[in-house]
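Novice: Using only what follows, build the 3D model:
(chains A, B, C and D)
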2 protein chains.
Amino acid sequence: MKLSTRGRYGVKAMFELALHYGGDPVSIKEIAERQNISEYYLEQLFASLRKAGLIKSVRGSKGGYILSRPPKEITIADIFGVLEGPIEISDCITQEMNCSRINYCATRILWLKISNSINEILNSTTLQDVVNDYNSLQEKTKGEGE
Amino acid sequence: MKLSTRGRYGVKAMFELALHYGGDPVSIKEIAERQNISEYYLEQLFASLRKAGLIKSVRGSKGGYILSRPPKEITIADIFGVLEGPIEISDCITQEMNCSRINYCATRILWLKISNSINEILNSTTLQDVVNDYNSLQEKTKGEGE
DNA sequence: CAAATTCCGAGTAAAAAAGTAGGATTTTAA
DNA sequence: TTAAAATCCTACTTTTTTACTCGGAATTTG
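Specialist: Numbering: from 1, shown residues only, chains lettered A, B, ... in the order given. Next up is the predicted model:
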């Protein structure tokens, strides 16, 4: 049970943009280096995020990307939605008529419960929360190590 | 963001066994037909479930499978754990040292929160719950349609 | 003994994920 | 005005995973 890299890379990259929110645009190259992600691959992810309206691009030299909205208005669900597509625990929920009648509803209820509960976390967590986690971690580890 | 068929088929099949708990063993063929799953494929899934101790086999003619424990003692997490492997939102959590230092912990906290919350539902839902959902659905739809 | 079943290991085709590449366009700044 | 740095766009390739198939051995029932 694994999440694809798309969502993970996407969140990491968006986190970088959140850290720089309000400042200069950040280039793909920079993010790819800091997060150790393939530059070309990340470019594709950003194309999707831009088309979905989550980020804005600034073209040309000194260009890069910025968040379209403040970090607290962008949820992890927004990012996953674009990069991973909707949560489909079972296609039972979309193409309903393929299941055998006998258990159709029993397991469907289960899939619904699961996806609802996943959606709930993803919807309730914003980029700002991640930034806050990061900041409080910085506080705690101040002075430790290099 | 999609679950593979393994977990889904597995739960459906285990649900069938739960319905027959206490009775005769149920054959793969029967389940495959009722749930519209490839017989050979299901056979493989059952091999894993058996090795993991969730089900027991009865060989030979009139043989089949039965649950090793009562339905209320088998969680969806048990089944998914066997068929889908552990939830790995990010390998950050296992091979910790590959991330760049700067955000290592911030996103890791997020992945932990997400997997914890998914695990919570999966752990707290048992086969018995699914059977109960099924039964109460049977009650409600009694008399409707064929 | 024949039929029904589990058991086991190997193989395969299709789909999805992950990454790569090349070149056009835009903007900055020397 | 030109070179460099970036986005933009489309397509291709490789790798991995998923889903499924197959053949035959072993076990049990009637």
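Novice: from here on, contacts and neighbour counts on C-alpha atoms
Specialist: Fine.
Novice: Show me the shaky parts of chain A.
Specialist: Applying pLDDT under 70 to chain A flags residues A:91-104, A:142-146.
Novice: so what secondary structure elements neighbour the helix ranked longest in it?
Specialist: The longest helix of chain A (DSSP state H) is helix A:104-124. Counting contacts by 3 or more C-alpha pairs under 8 Å, 6 or more residues apart in numbering or on different chains; DSSP states H and E, helix A:104-124 packs against helix A:76-84, helix B:104-124, helix B:127-140.
Novice: of these, which approaches DNA strand D most closely?
Specialist: Among the helices and strands packed on helix A:104-124, helix A:76-84 comes nearest to DNA strand D, with 14.2 Å by C-alpha to the nearest atom of the strand.
Novice: what angle do that closest one and helix A:104-124 make?
Specialist: 110 degrees (axes from the mean of the first three to the mean of the last three C-alpha atoms, to 10 degrees).
Novice: just checking, what packs against helix A:76-84?
Specialist: helix A:5-19, helix A:39-51, helix A:104-124.
Novice: Let me know which of those is tucked in deepest.
Specialist: Across the helices and strands packed on helix A:76-84, averaging neighbours per residue (mean count of other C-alpha atoms under 10 Å in any protein chain shown) puts helix A:5-19 on top, at a mean of 21.
Novice: And the contacts of that helix?
Specialist: The contact list for helix A:5-19 (C-alpha atoms under 8 Å, 6 or more residues apart in numbering or on different chains) reads A:25-26, A:31-32, A:35, A:37, A:42, A:45-46, A:65-67, A:70-71, A:76, A:79-80, A:83-84, A:127-128, A:130-131, B:89-90, B:103, B:107.
Novice: and A:Ile66, how far is that from A:Leu127?
Specialist: Per C-alpha to C-alpha, to the nearest Å, A:Ile66 is found 13 Å from A:Leu127.
Novice: And A:Gln138, by the same measure?
Specialist: For A:Gln138 relative to A:Leu127 (C-alpha to C-alpha), the value is 17 Å.
Novice: which of the two has more neighbours?
Specialist: Higher neighbour count among A:Gln138 and A:Leu127: A:Leu127, with 26 against 16, using other C-alpha atoms under 10 Å in any protein chain shown.
Novice: Tell me the spacing between the more buried one and chain B.
Specialist: 10 Å (C-alpha to the nearest C-alpha, to the nearest Å).
Novice: Which residue is the nearest non-sequential neighbour of that residue?
Specialist: Spatial nearest neighbour of A:Leu127, excluding adjacent residues (C-alpha to C-alpha, 6 or more residues apart in numbering or on different chains): A:Pro71 at 4.9 Å.
Novice: show me what contacts the residue positioned nearest the centre of chain A?
Specialist: For chain A, the residue nearest the mean C-alpha position is A:Ile79 (3.2 Å; C-alpha atoms, centre = their mean). Taking C-alpha under 8 Å, 6+ apart, we find A:Ile79 in contact with A:7, A:10-11, A:49, A:54.
Novice: Surely A:Ser90 and A:Lys113 touch.
Specialist: No: A:Ser90 is beyond contact range of A:Lys113, at 11.6 Å (criterion: C-alpha atoms under 8 Å).
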